[in-house]
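Engineer: no FASTA, just this:
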């Protein structure tokens, strides 16, 4: 089976959901790596535009986890496989319809840790 290609707009929206409430209980902040915003206005769009963000651990503020586009796409794929999610296909890629903060949180955790370890 071919690997699903996700729309960059979907990834930006999913990360906005994660950053604005989905991951806040284990992540205390998001930093833009090397202060390179890749032309984005919001941190959630930095990853969608090809940049890297660092997620700050809430329990160990000096500890960060990097997140890039390929990682979050893998995290979404794993979340779909483990938790479920209905995929909608478009000419320029696919997206998950009707996801929530829990789905976004799981996708980021799968991307960063390879499994859901919080929640």
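Structural biologist: Happy to help now that I have it. All figures in this text were calculated on a predicted structure; none of them were measured in a lab.
Engineer: OK, contacts around residue 16?
Structural biologist: 42, 44 (C-beta atoms under 8 Å, 6 or more residues apart in numbering). For glycine as for every other residue, the C-beta is placed from the backbone atoms N, C-alpha and C.
Engineer: what comes up buried for the helix or strand that contains it?
Structural biologist: According to DSSP states H and E, residue 16 maps onto helix 8-17. For helix 8-17, burial by neighbour count (16 or more other C-beta atoms under 10 Å) applies to 8, 10-17.
Engineer: okay, and for this protein, where does confidence drop off?
Structural biologist: 1-3, 84-85, 92 (pLDDT under 70).
Engineer: OK, contacts around residue 103?
Structural biologist: 14, 22, 79, 83, 85, 96.
Engineer: Helices of the chain, residue ranges please.
Structural biologist: 8-17, 43-48, 69-82, 101-113 (DSSP state H).
Engineer: picking that back up, make TSV out of the buried residues of helix 8-17 and add distance to residue 113.
Structural biologist: Formatted as TSV, the buried residues of helix 8-17 follow (distance: C-beta to C-beta, whole Å):
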residue	distance to residue 113
8	23
10	22
11	18
12	22
13	22
14	17
15	16
16	21
17	18
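Engineer: biggest separation within those, which pair?
Structural biologist: The most widely separated members of the buried residues of helix 8-17, counting by C-beta to C-beta, are 8 and 17 (15.2 Å).
Engineer: so which of the helices of the chain gets nearest residue 62?
Structural biologist: Among the helices of the chain, the nearest to residue 62 by C-beta to C-beta is helix 101-113 (16.4 Å).
Engineer: what does stretch 73-86 rub up against?
Structural biologist: Here stretch 73-86 makes contact (C-beta under 8 Å, 6+ apart) with 3-6, 11, 14, 87, 96-99, 103, 106-112, 116.
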